[in-house]
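Undergrad: Take this sequence and fold it.
(one chain, ligands or ions: 1)
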Amino acid sequence: MRPSLAPFPATRLRRLRKSGAIRALVQETTLSPADFIWPVFVRDGEGVVEPIHSMPGVNRLSVDKVVEAAREAHALGIPAICLFPYTDPALKTADCAEAWNPDNLSNRATRAIKAAVPDIAVMTDVALDPYNIDGHDGFVEDGEIVNDRTVEALVKQALSQAEAGADIIGPSDMMDNRIGAIRSALESAGHQNVLLLTYAAKYASAFYGPFRDAVGASGALKGDKTTYQMNPGNADEAMRLIERDLSEGADMIMVKPGMPYLDICRRAKDLFGAPTFAYQVSGEYAMLAGAGERGWVDGDKVMLESLMSFKRAGCDGILTYFAPAAAKLLNG
Ligand code: PBG
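TA: As a prediction, this is how the structure comes out:
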């Protein structure tokens, strides 16, 4: 039972807010650069820094520039970087073979980062959408996104990422049984220390719009992702998905998008106590960064306040495009 408070004036809750020193002393939640995973977009070429229109301040980077970004992240105290390739439309096919090409953009970037900045953790994305002419995360047969054949491809993709040196593999596809299949393939191939951060509760969200522009998937996508990504009206289902992925060998879990789903983060942390992450996705970034750019809100303050909300909701870390900017502020 919670003891009740002494009546006013013995209890004056404002005493705890009276000065910066006291507020700092009783602050429950803190934010640090060590809480961030920085998602970056990789493209072909050399020396290329290409702005993404719908994500002010975010660029597509060629592999050499991604290595520079990894160096910067490491110096700022950001422990992990997450790679998303912008794939040449000519390499998008129905069989998605580019997804497990050992020399695809994502694998080349992974090798380059691990060679130059071995101490930063590299996370990669498992899903077929960057490589699929249909723009879907799985194979499409007669208009249906098929599960089991997709999982076989995802296993090949994950193995190629592990071979390239990825530390953390992030299946973002929402197929059934992919965590178990990838985990057992990794074990058999000697990659027993590769972590799986599962996009366990990933909603079919309109907040992914700018990301699909960034990776060039918007034009390709036929239809929507509602037969595999979650219905925003559901929360119990998220717990079932997380439980299932943990039971198949996931090391860490993710809720995505972030701010509209903080209730899911809290429930997941309370129920499972597993390392829990939220993805503050491209549309969330675009709203905050766009309003900040126009001076409609204080961009730096809303950035830090939004990131703090994830920690308060029970998350251990956040995937956020704000990672370097927030880390700079936090480091003073
Ligand atoms: C696709 C994938 C998406 C994101 C990460 N991986 C988009 C989608 O499911 O369509 C979204 C990230 C963001 O919006 O920042 N597998």
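Undergrad: Every contact and neighbour count from this point should use C-alpha atoms.
TA: OK.
Undergrad: just the helices in this protein please.
TA: 20-25, 63-76, 105-116, 148-164, 178-188, 209-214, 236-247, 262-272, 282-293, 299-312, 323-330 (DSSP state H).
Undergrad: I'd like to know which elements the longest one is packed against.
TA: Going back to what we said before, that points to helix 148-164. If contacts are counted by 3 or more CA pairs under 8 Å, 6 or more residues apart in numbering; DSSP states H and E, helix 148-164 sits against helix 105-116, strand 121-126, strand 168-171, helix 178-188.
Undergrad: Just tell me which of these ends up closest to residue 79.
TA: strand 121-126 (6.1 Å; CA to CA).
Undergrad: could you dump the closest one to CSV, C-alpha only?
TA: C-alpha atoms of strand 121-126 as CSV (Å, rounded to 0.1, in the frame of the first residue of the first chain):
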residue,chain,number,x,y,z
ALA,A,121,28.0,-1.4,-32.6
VAL,A,122,26.5,-1.8,-36.1
MET,A,123,22.9,-2.6,-36.4
THR,A,124,21.3,-3.7,-39.7
ASP,A,125,17.8,-4.0,-41.0
VAL,A,126,16.2,-7.3,-42.1
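Undergrad: which regions of the stretch 201-332 of the chain sit below the pLDDT cut-off?
TA: Low-confidence segments of the stretch 201-332 of the chain (pLDDT under 70): none present.
Undergrad: What residues does it have near the ligand?
TA: Applying CA under 6 Å from any ligand atom, we find that the stretch 201-332 of the chain lies next to the ligand at 208, 211, 281, 282.
Undergrad: how about the nearest residue to the third one, chain neighbours excluded?
TA: Going back to what we said before, that points to residue 281. Spatially, and ignoring its direct neighbours in sequence, residue 281 is nearest to residue 257 (5.6 Å; CA to CA, 6 or more residues apart in numbering).
Undergrad: Contacts only, for the one you found.
TA: Counting by CA atoms under 8 Å, 6 or more residues apart in numbering, residue 257 touches 202, 203, 205, 207, 278, 279, 280, 281.
Undergrad: repeat for residue 245
TA: Taking CA under 8 Å, 6+ apart, we find residue 245 in contact with 179, 180, 198, 200.
Undergrad: Greatest separation within those: which pair is it?
TA: Across these (CA to CA), the longest gap, 12.7 Å, separates 180 and 200.
Undergrad: The two: which is more packed in?
TA: Set residue 180 next to residue 200 and count neighbours by other CA atoms under 10 Å: residue 200 wins out with 30 against 19.
Undergrad: isn't that one right next to residue 246, touching?
TA: No: assessed by CA atoms under 8 Å, residue 200 is found out of contact with residue 246, at 9.0 Å.
Undergrad: which residues do those two both contact?
TA: Overlap of the contact sets of residue 200 and residue 246 (by CA under 8 Å, 6+ apart) consists of residue 253.
Undergrad: and the residue of the stretch 101-250 of the chain found nearest the ligand, how many neighbours?
TA: Closest residue of the stretch 101-250 of the chain to the ligand, CA to the nearest ligand atom: residue 208 (3.4 Å). As a burial measure, residue 208 scores 18 neighbours (other CA under 10 Å).
Undergrad: what mean pLDDT does stretch 26-36 have?
TA: For stretch 26-36, the mean pLDDT works out to 98.
Undergrad: List the buried residues for that stretch?
TA: Across stretch 26-36, burial judged by 16 or more other CA atoms under 10 Å covers 31, 32, 33, 34, 35, 36.
Undergrad: Tell me the one among the contacts of residue 257 nearest to residue 157.
TA: residue 202 (19.7 Å).
Undergrad: which residues touch the nearest residue to that closest one once chain neighbours are set aside?
TA: Leaving aside its chain neighbours, residue 202 sits nearest to residue 256 (4.8 Å; criterion: CA to CA, 6+ apart). Shown in contact with residue 256 (CA under 8 Å, 6+ apart): 199, 201, 202, 203, 278, 279, 280, 281.
Undergrad: switch the cut-off to 10 Å
TA: 172, 199-205, 207-208, 230, 262, 264-265, 277-281, 319 (CA atoms under 10 Å, 6 or more residues apart in numbering).
Undergrad: what sits against residue 216?
TA: With the criterion set at CA under 10 Å, 6+ apart, residue 216 makes contact with 85, 86, 87, 88, 89, 129, 130, 135, 210.
Undergrad: Got a PyMOL select line for the buried ones in these?
TA: Buried residues within the contacts of residue 216, by 16+ other CA under 10 Å, are selected in PyMOL with:
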select buried, resi 85+86+87+129+130+135+210
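Undergrad: Cross the contacts of residue 216 against strands and list the overlap.
TA: Within the contacts of residue 216, residues falling in strands by DSSP state E are residue 85.
Undergrad: Closest to residue 50 out of the contacts of residue 216?
TA: For the contacts of residue 216, the nearest to residue 50 is residue 86 (11.3 Å; CA to CA).
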